[in-house]
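>>> Structure for the following, please:
(one chain, ligands or ions: 1)
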Amino acid sequence: MSFAHRYTGLIDRYRDFLPIRDDTRIISLGEGNTPLIRLHNIPTSLNKTVDIYVKYEGLNPTGSFKDRGMTMAITKSLETGNQAVICASTGNTSASAAAYAARAKMIAFVLIPDGKIAQGKLAQAMMHGAIIMQIQGNFDDGMRLVKEVADHAPVEIVNSINPFRLQGQKTAAFEIIEALGRAPDYHCLPLGNAGNISAYWMGYSQFYQEGIVNKRPKMCAYQASGSAPFLRGHPIDNPETIATAIRIGNPQSWDKAWNAQRESQGWFDEFTDAEILATQKLLAEQEGIFCEPASAISVAGALRDIKSGKIPEGSLITCTLTGHGLKDPDTAIQQSTGPVLKVKAELSAVKTAILENIS
Ligand code: F0G
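Next up, the predicted model:
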């Protein structure tokens with residue numbers, strides 16, 4: 001009997017639920033199958049009986065949830081015979097597109113806002129050999145240009161307006177249902193270009209319609225106050241937030257996101273940059289989980305809504321942590337107050353430092 005089992009990525013895993021042919025050449029880096037971690041210390045300090053799980057998407061191959069959609073988008077693009085793909089990005093999509101294009105021997109063109117993407121993401125796009133265009137504009141400008149140029153040049157768009165992206169991303173909802181044996185009561189996540197909320201709703205709805213589960217979660221999505229078009233009710237011109245991943249004023253999946261909110265009877269809300277960073281730190285310090293600032297907003301939302309009673313006691317809540325904290329080391333180091341001691345390279349000095357810091 002063979003006990004060998006190699007996980008080969010989400011297309012292989014969820015083939016029956018994806019628009020994929022048996023003979024399609026799959027471009028995969030083993031994405032998906034990310035841990036669903038139960039929070040322990042934070043709920044204890046809340047004094048409420050709730051179960052909070054985080055879907056740690058930072059453990060995908062390029063460190064964000066984008067890989068779920070990108071394995072599908074690049075696989076399908078290659079199948080169609082394309083040689084080049086293009087995206088606008090706040091960083092993670094460009095990192096993912098660059099990696100999967102490299103694997104498929106395709107060219108990736110990426111448009112990123114000059115100076116407004118986290119260093120780790122820029123490093124990834126560079127290392128994977130993407131052709132990087134730093135534009136003097138924001139993500140929304142990049143998105144407009146990408147849509148225009150795709151009509152004039154032989155490149156396929158791999159932003160989440162590419163329908164295969166959402167198909168891949170919906171598998172995160174499948175994994176959550178399988179891990180819990182049911183759907184959560186509430187699903188909390190960050191809201192930027194609005195592809196991910198649309199994909200999760202698609203995934204939860206598909207398993208619901210197939211009769212695999214008998215309910216769907218309320219979708220609760222959160223924006224940074226300086227970049228909150230869904231809270232303002234219209235696109236905004238100059239989005240700003242330290243959570244650069246969600247620094248977006250004109251979300252592409254506008255209608256789909258509203259539909260997910262309405263159908264699920266969930267809600268949208270907003271957080272200041274200070275609140276976002278505080279929650280990022282809370283997760284790192286209290287649970288040992290390092291996510292990027294944008295990701296932490298999902299947990300910020302869950303905690304606020306639990307405290308206020310909007311999410312009732314007894315609820316099962318899942319939060320998507322969309323990207324790894326290592327993506328943005330600068331923001332992490334800038335906000336860290338923890339002691340970095342300067343100590344002489346001597347036994348006595350190290351011992352003193354230990355004794356002074358043990359309570
Ligand atoms: N969290 C992270 C870490 C992201 O990178 C993004 C989007 C989101 C949340 C929001 O997800 O757009 O589906 O609502 N990043 C895109 C990018 C825009 O270019 O990497 P969304």
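>>> my guess is I242 contacts D328, does it?
No - I242 is not in contact with D328 according to Cβ atoms under 8 Å; the separation is 9.2 Å. Quick note: C-beta positions are derived from backbone N, CA and C, even for glycine.
>>> G120 reaches G58, doesn't it?
No - contact between G120 and G58 fails when scored by Cβ under 8 Å: they sit 10.9 Å apart.
>>> Quickly list what's touching both of the two.
Common neighbours of G120 and G58 (criterion: Cβ atoms under 8 Å, 6 or more residues apart in numbering): L326, K327.
>>> quick one: low-confidence ranges for the stretch 151-300 of the chain?
Scanning the stretch 151-300 of the chain with the threshold set as pLDDT under 70 gives no residue ranges.
>>> What segments of it are helices?
Per DSSP state H, counting those that start in this stretch, the stretch 151-300 of the chain has helices spanning 163-169, 171-180, 195-209, 229-232, 254-264, 273-287, 293-307. These are given in chain order.
>>> Of these, flag the one that's most buried.
Most buried of these, by mean neighbour count (mean count of other Cβ atoms under 10 Å): helix 293-307, with a mean of 26.
>>> Is there proximity between it and the ligand?
Yes - in this structure, helix 293-307 sits against the ligand according to Cβ under 6 Å from any ligand atom; the contacting residues are A294, S295.
>>> quick check, distance from that helix to the centre of its chain.
For helix 293-307, the separation from the chain centroid amounts to 14 Å (computed by Cα atoms, centre = their mean, to the nearest Å).
>>> same thing with stretch 267-281?
Going by Cα atoms, centre = their mean, the spacing between the C-alpha centre of stretch 267-281 and its chain's C-alpha centre is 15 Å.
>>> start to end distance for that stretch?
With Cα to Cα, to the nearest Å as the measure, the first residue of stretch 267-281 is 25 Å from its last.
>>> Report the outermost residue of this structure with respect to its centre.
In the chain, counting by Cα atoms, centre = their mean, S348 sits farthest out from the average C-alpha position, at 45.6 Å.
>>> ok so that one is a strand residue?
No - inclusion of S348 in a strand is not indicated when DSSP: H, G, I helix; E, B strand; the rest coil is applied; the result is helix.
>>> Enumerate every residue touching the residue nearest to the spatial centre of the chain.
Residue closest to the average C-alpha location in the chain (Cα atoms, centre = their mean): T322, at 2.4 Å. By Cβ under 8 Å, 6+ apart, the residues touching T322 are 57-58, 64-65, 92, 189-190, 196, 245, 291-292, 294-295, 298.
>>> neighbours around T62, how many?
Using other Cβ atoms under 10 Å, T62 is surrounded by 28 other residues.
>>> And D12, by the same measure?
Quick note: D12 (other Cβ under 10 Å) scores 16 neighbours.
>>> related to what we said a few turns ago, quick check: the gap between the residue nearest to the centre of the chain and A221.
Look at T322 and A221: by Cβ to Cβ, to the nearest Å, they are 12 Å apart.
>>> joint contacts of these two?
With contacts taken as Cβ under 8 Å, 6+ apart, T322 and A221 have L189, P190 as neighbours in common.
>>> quick one on the thing from earlier: and the helices of the stretch 151-300 of the chain as CSV, adding distance to A108?
Rendered in CSV, the data for these read as follows (distance: least, Cβ to Cβ, whole Å):
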stretch, distance to A108
helix 163-169, 14
helix 171-180, 22
helix 195-209, 18
helix 229-232, 27
helix 254-264, 25
helix 273-287, 29
helix 293-307, 22
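>>> Looking at these, which is nearest to P43?
Closest to P43 of the helices of the stretch 151-300 of the chain, according to Cβ to Cβ: helix 293-307, at 8.4 Å.
>>> Give the other helices and strands that that closest one contacts.
For helix 293-307, the helices and strands in contact under the criterion 3 or more Cβ pairs under 8 Å, 6 or more residues apart in numbering; DSSP states H and E are helix 41-46, strand 51-56, strand 186-190, strand 218-224, strand 267-271, helix 273-287, strand 316-321.
>>> Out of these, which is the most enclosed?
For the helices and strands packed on helix 293-307, average neighbour numbers computed from mean count of other Cβ under 10 Å are highest in strand 186-190, which has a mean of 29.
>>> Who does that one pair with, and is each partner parallel or antiparallel?
Looking at strand 186-190 with DSSP bridges, its paired strands and their directions are strand 218-224 (parallel), strand 316-321 (parallel).
>>> Can I get those in a markdown table including distance to the ligand?
What follows is the strands paired with strand 186-190, written out as a markdown table (distance: least, Cβ to the nearest ligand atom, whole Å):
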| stretch | distance to the ligand |
| --- | --- |
| strand 218-224 | 8 |
| strand 316-321 | 8 |
